[in-house]
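K.L.:
what follows is a predicted structure for the sequence shown.
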Amino acid sequence: MYSKSDERRLAQIIAMRSCNLPLSEIAHLLTDADSDMSSLLKNHLQNLRAQKGSLDAAIGRTEAAIRKLERINDMEPTDAFEELKKQGLEDFEKTYGAQARMRYGDEVIDETNKRMLSLTKDEWDAKELLEKAIKVQLRLAMSSEDTNSPESQELAKMHEKWIGIHWGSGYSEDEYLAMVREYLNDDRFVKYYDDAAGTGATQFLTDAIDAYHAKC
């Protein structure tokens, strides 16, 4: 009932399905005389290798996180808290450290890290709570659609207080405003605030802080 060409076609379908190619793509390849099946499979292989690299990296990070969590679980509460603080600073260094040190200098960042490590558990928890509250306040301020609204002004106060926890009091208004405006030039900060409060949140935050300081 089936010809040799039918057998060959079925073998090709089975081979491509074993590579997890979708049937729609396989159908296109088999009906398109100009399709280069070998090139397509080579590209597919390249994509799989890239995915494998990302997956291996994700597995490595997860395994490291499990080891750290198990180590923390075996610690006394005070020691576990100190370990969590250190981990938080390590994560910051990995994500923002190089750029922050280039912009503000090693001395400023080292002093900030030292200040963070000296926080008590209550102070640390208050810092974390304030960070979450800023995201909520940002959504409220954006709903007012006015960077001069009471909600926006409160947002500006909360954000500067949060920065003060990290930087202390040794910075000028111009330095603070320059740092905030720099958020717009860094995709990581834009993603952080926009993911928390919606598209345009980073721009709104920056404008609200500018508006607040223009009145001061």
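P.N.:
Sure, I can see it. In this text the structure is predicted, and so the values were computed from the model without any measurement. Numbers count the residues shown, from 1 in each chain.
K.L.:
which helices and strands does the longest helix along the chain pack with?
P.N.:
Using DSSP state H, we find that the single longest helix of the chain is helix 37-73. In terms of contacts (3 or more Cβ pairs under 8 Å, 6 or more residues apart in numbering; DSSP states H and E), helix 37-73 is packed against helix 4-17, helix 77-92. Where you see a C-beta, it was placed from the backbone N, CA and C, and this is true even at glycine.
K.L.:
any idea of the angle the first one forms with helix 37-73?
P.N.:
Angle between the axes of helix 4-17 and helix 37-73 is 20 degrees (criterion: axes from the mean of the first three to the mean of the last three Cα atoms, to 10 degrees).
K.L.:
tell me the buried residues in the helix or strand just after helix 4-17?
P.N.:
Past helix 4-17, heading to the C-terminal end, the next element that is a helix or strand (DSSP states H and E) is helix 23-31. By 16 or more other Cβ atoms under 10 Å, the buried positions in helix 23-31 come out as 26, 29.
K.L.:
can you name every helix or strand that helix 23-31 contacts?
P.N.:
Helices and strands touching helix 23-31, by 3+ Cβ pairs under 8 Å, 6+ apart, are helix 4-17.
K.L.:
quick one: buried residues of the helix it packs on?
P.N.:
By neighbour count with 16+ other Cβ under 10 Å, helix 4-17 contains the buried residues 13, 16.
K.L.:
what about it, distance to the chain center?
P.N.:
44 Å (Cα atoms, centre = their mean, to the nearest Å).
K.L.:
distance of Lys42 from Leu48?
P.N.:
Lys42 is 11 Å from Leu48, where distance means Cβ to Cβ, to the nearest Å.
K.L.:
ugh, wrong one, Ile59
P.N.:
Between Ile59 and Leu48 the distance is 16 Å, computed by Cβ to Cβ.
K.L.:
then Leu10?
P.N.:
Separation of Leu10 from Leu48 (Cβ to Cβ) stands at 23 Å.
K.L.:
got the helices and strands packed on helix 37-73 as TSV, with distance to Ser143 and mean pLDDT columns?
P.N.:
Below are these laid out as TSV (distance: least, Cβ to Cβ, whole Å; pLDDT from 0 to 100):
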stretch	distance to Ser143	mean pLDDT
helix 4-17	50	79
helix 77-92	30	75
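K.L.:
where does pLDDT dip in the chain?
P.N.:
For the chain, the stretches with pLDDT under 70 are 32-37, 65, 68-79.
K.L.:
re the thing from before, okay if I get the helices and strands packed on helix 37-73 as JSON lines plus distance to Met179?
P.N.:
Shown next, in JSON lines, are the helices and strands packed on helix 37-73 (distance: least, Cβ to Cβ, whole Å):
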{"stretch": "helix 4-17", "distance to Met179": "53"}
{"stretch": "helix 77-92", "distance to Met179": "15"}
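K.L.:
so which of those gets nearest Asp174?
P.N.:
When these are compared by Cβ to Cβ, helix 77-92 sits nearest Asp174, at 23.8 Å.
K.L.:
what kind of secondary structure is Leu119 in?
P.N.:
Here Leu119 is recorded as coil under DSSP: H, G, I helix; E, B strand; the rest coil.
K.L.:
these two touch, right, it and Gly88?
P.N.:
No: the criterion here is Cβ atoms under 8 Å, and Leu119 misses it with Gly88 at 10.4 Å.
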